[in-house]
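Enquirer: Quick one: sequence and predicted model below, then my questions.
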Amino acid sequence: MEGRAVSRQSAGLLLALAIAGCGTAVEVPLPAPAPHQPVSGDVLRAGFGRADITPPPGLGLGGNGPEGRRARGWRTRLYARALVLQDARGERIAFVVADLAHISALLQRRVAELLPTELGISADNLLLSATHTHSGPGHFYEATEFNLNGSSVVGFDQKLTDFLAGQIAGAVRQAAEHPKAARVAWGQRAVWGLTRNRSYEAFRRNTPRWDLETPPPGLDREYAAVNPLWTMLRVDVATDQAGTTYRPAGAYSIFAIHGTGNPSVTELYDADIHGIAERGLEQYIDRKYGAGKVGNGLAPPEALHLVANGAEGDVSPDWPAESRCPPALLELVPRPEGPGTPTVWDWRMPTRAAQSACIASGRRFIRDIGDSLTRHAIALFESLQGQLSGDVDLAIGFETLAVRRDSTRLRICGEPAVGTSTAAGAEDARTRFAGWKFLGILGIGLEEGGRAITTDPRTCQGFKRTDLVKLTKKRGLPEFAQVSVARVGDMYLATLPVEPTTMAAAAIQRSVGAALGFEWEAARRRVTIVGLTNGFLQYLTTRAEYSGQSYEGGSTIFGPGEGEMFARELARLADSLNRTGAGRSLANRVDSIFGRPGGDKQLWPRAEPRPQELTAAPRWTRCGADTVTGQWIGPGPDRLNLAGNPQVALEKQTASGWDVVTWDDDPDVEVWLLGPKGKPGWLYELRWSAPPSGARLRFRLPGQEDGAGVSPVCEVG
């Protein structure tokens with residue numbers, strides 16, 4: 001029913017926001033991994049690994065809060081990409097970037113626990129980062145609040161957490177067990193015009209506002225108020241035992257951009273903008289340097305491109321307005337029993353046609369901006385050709401901060417809290433509560449600025465209005481923060497478990513740079529901020545930005561001093577690293593931490609009894625002018641094994657037979673789980689939006705014999 005409200009579950013979202021955390025939480029100890037010693041080596045070595053982390057449909061999409069939908073399929077697969085470096089002394093650092101909205105400390109510690117000790121990788125040298133796609137699953141946080149408010153599907157899921165940890169650990173093992181002699185080079189490139197500051201009024205509160213890069217003439221002010229640097233580590237590996245010949249193998253990048261190309265009404269797992277940039281450089285390397293097949297077969301490229309996020313807290317992609325669907329409206333609607341029955345207050349969603357239009361606009365935008373970022377990545381990658389070197393050493397300092405227990409020493413608030421501005425949502429995805437007023441006339445601060453700013457800023461949380469959390473239990477938010485400073489050659493990476501704004505990150509760069517003896521000009525080039533790493537504590541603003549209580553300020557949960565705390569602690573780590581000058585010879589603190597995720601809600605699709613085994617079978621194929629659609633009967637979501645396993649291949653007829661054109665890991669291919677189709681089968685549908693014109697096409701279900709697993713043929717006009 002177009003325009004009709006969604007299920008009654010959505011009507012209680014505002015109440016859920018107010019009382020989140022009131023349920024019984026389960027204390028989960030997360031012990032520190034056993035200590036280890038690095039293995040000696042002789043040259044710089046590097047290994048890459050990849051793992052498919054796409055779960056079955058049915059879980060909630062994290063990143064958009066209560067507006068996040070339940071996944072009904074997938075567009076591009078979600079991956080964890082790993083790069084393990086080992087220097088000549090044997091010191092190792094594992095860089096991992098996962099196509100997820102966030103990383104929880106729980107997930108990072110679980111991954112570390114699954115790694116064999118002999119690999120030399122543990123919690124203190126494992127840097128697990130998120131791309132920040134808002135179209136990945138939630139439900140794996142150690143904090144009750146995030147599991148309850150991560151999406152419209154609420155709760156912690158142990159099976160998902162174990163699945164993600166196992167797959168990510170597999171990618172790290174793959175990278176660590178097969179290292180090759182390597183040469184690397186760092187480089188940077190300014191990328192202007194594709195990102196903008198979504199909280200410009202808060203940004204303007206900063207005095208001084210340090211220059212990051214000189215923008216091109218005529219660039220609008222919001223587009224100039226970002227850190228535009230794309231920072232890349234290019235990695236070439238030896239092709240022979242002697243280490244005399246090298247070929248490009250991949251790269252590790254950091255760039256500040258929100259993963260919000262899709263609107264919040266999307267219902268598909270999707271790697272979003274980062275997925276295009278990741279795949280774009282990988283395919284380029286494979287095509288040019290012959291590392292593997294591109295455009296054929298049923299596997300991702302051989303090359304790997306890890307794209308971590310930088311200071312993206314207030315930085316949005318330059319999405320078009322038509323890609324944002326309006327939020328639900330609270331209105332009087334008829335009861336579902338039929339006409340003539342009394343009306344009730346409920347949420348009315350945009351029509352299906354309106355949602356389809358904004359989703360389609362978002363899809364086009366993701367492809368366009370992803371392709372633009374790919375071109376920048378390729379240009380930067382190629383510019384590093386003559387700068388590659390194997391004479392690179394590594395060092396890392398790591399610490400676990402008990403931000404709640406040690407709040408007095410750290411000079412932050414002992415009781416974390418979100419502000420009322422958080423409930424309104426960011427500009428990228430306003431919630432249905434944005435601007436909501438009690439009785440329609442009394443504002444309660446569900447906005448950025450305005451009534452979200454308290455008039456009595458004498459409490460620790462300062463200007464933050466916290467009315468919505470007065471009913472919550474105070475132990476539903478994170479209590480630990482894992483931070484690190486890593487050095488690879490002459491580049492320092494400061495990692496932290498938050499989304500820092502542009503100026504909050506610049507303040508940390510200055511602080512870390514000063515500890516290393518750098519002036520600002522050197523610090524902004526040699527110190528790079530990597531957010532969303534090894535945990536999640538929401539946002540991080542400067543003290544000036546915090547006073548304006550934008551969405552980001554309301555989401556800085558440990559108060560106005562949190563940014564200064566991270567700057568001090570990371571500077572202290574950098575100073576210790578600089579003084580020792582070697583590996584992990586400093587005492588890296590890997591304290592045990594505790595999580596309170598809440599009870600296991602078992603959201604992973606449950607296994608259902610089957611009267612008989614199912615053989616998947618195609619039903620039909622239809623070719624339109626620019627779209628191919630097909631359906632098949634397959635196993636239920638509880639029996640889907642997506643991790644590394646193609647579900648459908650698209651084929652084109654040639655003079656010699658049928659060639660695979662693409663498969664269900666393609667920005668132009670969507671796979672939808674439509675629902676049960678009798679017993680034991682479920683109905684699936686593919687939508688291929690960019691088929692080759694004038695071609696005879698079909699789809700195949702991998703693993704099936706010819707005939708039984710091949711669809712009818714159609715021809716694109």
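Expert: Perfect, thanks for sending it. Source: prediction; values computed, not measured. Residues are numbered from 1 along each chain as shown.
Enquirer: Please list all residues in contact with the most centrally placed residue in the chain.
Expert: The central residue of the chain, meaning the one whose C-alpha is nearest the mean C-alpha position (C-alpha atoms, centre = their mean), is His132 at 2.4 Å. Residues near His132 by C-beta atoms under 8 Å, 6 or more residues apart in numbering: Gly63, Leu100, Ala101, His102, His258, Gly259, His274, Asn309, Glu312, Glu499, Leu532. Heads up, the C-betas are built off the backbone N, CA and C, glycines and all.
Enquirer: What separation is there between it and Leu119?
Expert: His132 sits 27 Å away from Leu119 when distances are taken as C-beta to C-beta, to the nearest Å.
Enquirer: Test my guess that Ile412 contacts Met565.
Expert: Yes. The pair Ile412 and Met565 qualifies as a contact (C-beta atoms under 8 Å) at a distance of 5.1 Å.
Enquirer: which of the two has more neighbours?
Expert: A count of neighbours by other C-beta atoms under 10 Å puts Ile412 above the other of Ile412 and Met565, at 25 against 22.
Enquirer: How about that one: what's its closest non-neighbour residue?
Expert: In space, and not counting its chain neighbours, Ile412 is closest to Phe558: 4.2 Å by C-beta to C-beta, 6 or more residues apart in numbering.
Enquirer: residues near the one you found, how many?
Expert: Using other C-beta under 10 Å, Phe558 has 29 other residues around it.
Enquirer: name the element the residue nearest to Glu545 when sequence neighbours are not counted belongs to?
Expert: Nearest non-adjacent residue to Glu545, counting by C-beta to C-beta, 6+ apart: Ala202, 4.3 Å away. Assignment of secondary structure by DSSP states H and E places Ala202 within helix 200-204.
Enquirer: Relative to the whole chain's centre, how far out is that helix?
Expert: Shown here is helix 200-204, whose average C-alpha point lies 25 Å from the average C-alpha point of the whole chain (C-alpha atoms, centre = their mean, to the nearest Å).
Enquirer: Low-confidence stretches in the stretch 351-500 of the chain?
Expert: Low-confidence segments of the stretch 351-500 of the chain, defined by pLDDT under 70, span residues 438-440, 468-475.
Enquirer: Mind jotting down where the strands sit in it?
Expert: According to DSSP state E, counting those that start in this stretch, the stretch 351-500 of the chain carries its strands in the segments 394-401, 437-438, 442-443, 481-488, 491-495, 499-500.
Enquirer: re the thing from before, test my guess that the residue nearest to Glu545 contacts Arg543.
Expert: No. With contact defined as C-beta under 8 Å, Ala202 does not count as touching Arg543 (11.5 Å).
Enquirer: neighbours around Asn641, how many?
Expert: The tally of other residues near Asn641 (other C-beta under 10 Å) stands at 10.
Enquirer: Please report how far it lies from Gly678.
Expert: When distance is defined by C-beta to C-beta, Asn641 is 22 Å away from Gly678.
Enquirer: Asp406 too?
Expert: Using C-beta to C-beta, we find Asp406 at a distance of 59 Å from Gly678.
Enquirer: More neighbours: which of those two?
Expert: Each of Asp406 and Gly678 has its neighbours counted (other C-beta under 10 Å); Asp406 has more, 13 against 8.
Enquirer: domain ranges for the protein?
Expert: 8-401+478-595, 617-715 (automatic domain parsing).
Enquirer: Burial-wise, tell me which of those comes out on top.
Expert: Comparing the domains of the chain on average neighbours per residue, with mean count of other C-beta atoms under 10 Å, the densest one is domain 8-401+478-595 at a mean of 21.
Enquirer: how much distance is there from that one to the middle of the chain?
Expert: Taking C-alpha atoms, centre = their mean, one finds domain 8-401+478-595 lying 5 Å from the centre of the chain it belongs to.
Enquirer: Same question for stretch 624-632.
Expert: Distance of stretch 624-632 from the chain centroid (C-alpha atoms, centre = their mean) equals 30 Å.
Enquirer: how about that stretch as PDB, C-alpha atoms only?
Expert: Taking only C-alpha atoms (Å, rounded to 0.1, in the frame of the first residue of the first chain), the coordinates of stretch 624-632 have been written out as PDB:
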ATOM      1  CA  GLY A 624      14.300  -4.500 -21.300                       C
ATOM      2  CA  ALA A 625      16.000  -1.600 -23.100                       C
ATOM      3  CA  ASP A 626      18.500  -1.000 -20.300                       C
ATOM      4  CA  THR A 627      17.700  -3.600 -17.600                       C
ATOM      5  CA  VAL A 628      17.800  -7.400 -17.300                       C
ATOM      6  CA  THR A 629      15.500  -9.000 -14.600                       C
ATOM      7  CA  GLY A 630      15.500 -12.600 -13.600                       C
ATOM      8  CA  GLN A 631      14.100 -14.800 -10.900                       C
ATOM      9  CA  TRP A 632      15.000 -18.100  -9.400                       C
END
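Enquirer: And the contacts of that stretch?
Expert: With contacts defined as C-beta under 8 Å, 6+ apart, stretch 624-632 is touched by 616-622, 648, 650, 674, 683-691, 697, 699, 701, 711, 714, 716-717.
Enquirer: and what of stretch 242-251?
Expert: Applying C-beta under 8 Å, 6+ apart, the contact partners of stretch 242-251 are 43, 46, 48, 83, 180-183, 232-239, 281-282, 285, 288-291, 303-306, 377, 381, 388.
Enquirer: Would you mind stating the distance between Ala251 and Tyr539?
Expert: When Ala251 is compared with Tyr539 (using C-beta to C-beta), they lie 28 Å apart.
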